[in-house]
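A.B. asks: Would you be able to build a 3D model of this:
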Amino acid sequence: MIDGREFVAGGIGGALSVITAHPFDTVKVRLQTTSQYSGVLNCMKTMVAKEGAKSLFKGMLFPLGSVALVNAVAFSAYNAGVRRVAVDAENPTICEMLVGGLAAGCSVSCLSPVELIKIQVISWQQIIPIQVCSAKLSRENA
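C.D. replies: This is a model prediction of the structure:
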């Protein structure tokens with residue numbers, strides 16, 4: 001049985017992690033895909049000066065929704081797995097926690113395509129709708 005609180009907690013945690021980490025992820029992708037910056041701070045300053053502070057959050061909408069959903073599913077799957085096998089779900093053993101972790105890992109194995117799309121959206125200089133990005137990646141990597 002899936003507990004709605006676990007799902008909501010996972011979703012909120014996933015969304016907050018994206019909001020806080022996305023600017024750094026954007027800078028990382030820029031540093032990996034171009035050689036026009038001398039370092040992290042130079043990249044951030046240049047982006048904000050030339051493109052505005054919103055540039056640090058470019059491409060965040062898709063990961064915001066997808067990571068929130070993936071975390072929500074992972075939290076729910078972990079707790080469902082632990083509750084399914086644990087004698088005492090409030091104090092699971094290491095083995096029971098591993099089963100829960102395995103359930104969560106299997107449930108979020110679809111994250112790799114999401115990461116690929118996110119990196120492509122960040123690395124493109126213009127804003128492209130996610131549907132266009134997904135279709136382009138499908139054609140190029142089919």
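A.B. asks: so what's the spatially most central residue of the chain up against?
C.D. replies: Residue closest to the average C-alpha location in the chain (Cα atoms, centre = their mean): V67, at 3.9 Å. For V67, the contact set (Cβ atoms under 8 Å, 6 or more residues apart in numbering) comprises G14, A15, S17, V18, V114. To be clear about C-beta, it is placed using only N, CA and C from the backbone, and glycine gets the same treatment.
A.B. asks: how about the helix or strand it falls within: buried residues?
C.D. replies: Under the criterion of DSSP states H and E, V67 resides in helix 61-85. Under the neighbour-count criterion of 16 or more other Cβ atoms under 10 Å, helix 61-85 has 62-83, 85 buried.
A.B. asks: Measure how far that helix is from the centre of its chain, please.
C.D. replies: Here helix 61-85 is found 12 Å from its chain centre; the criterion is Cα atoms, centre = their mean, to the nearest Å.
A.B. asks: Now do R5: how many residues are near it, please.
C.D. replies: 11 (other Cβ atoms under 10 Å).
A.B. asks: should've said A21
C.D. replies: For A21, the count of nearby residues is 14 (other Cβ under 10 Å).
A.B. asks: And for P23?
C.D. replies: Residues lying near P23 (other Cβ under 10 Å) number 18.
A.B. asks: can you pull the contacts of it?
C.D. replies: Neighbouring residues of P23 by Cβ under 8 Å, 6+ apart: M44, L56, F57.
A.B. asks: circling back: can you name the secondary structure element that comes next after the helix holding V67?
C.D. replies: Following helix 61-85 in sequence, per DSSP H and E, is helix 94-107.
A.B. asks: Buried residues in that following helix, which are they?
C.D. replies: E96, V99, G100, A103, A104, S107.
A.B. asks: Now tabulate those residues in JSON lines and tack on pLDDT.
C.D. replies: Formatted as JSON lines, the buried residues of helix 94-107 follow (pLDDT from 0 to 100):
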{"residue": "E96", "pLDDT": "89"}
{"residue": "V99", "pLDDT": "89"}
{"residue": "G100", "pLDDT": "88"}
{"residue": "A103", "pLDDT": "86"}
{"residue": "A104", "pLDDT": "87"}
{"residue": "S107", "pLDDT": "77"}
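A.B. asks: No further questions, thank you.
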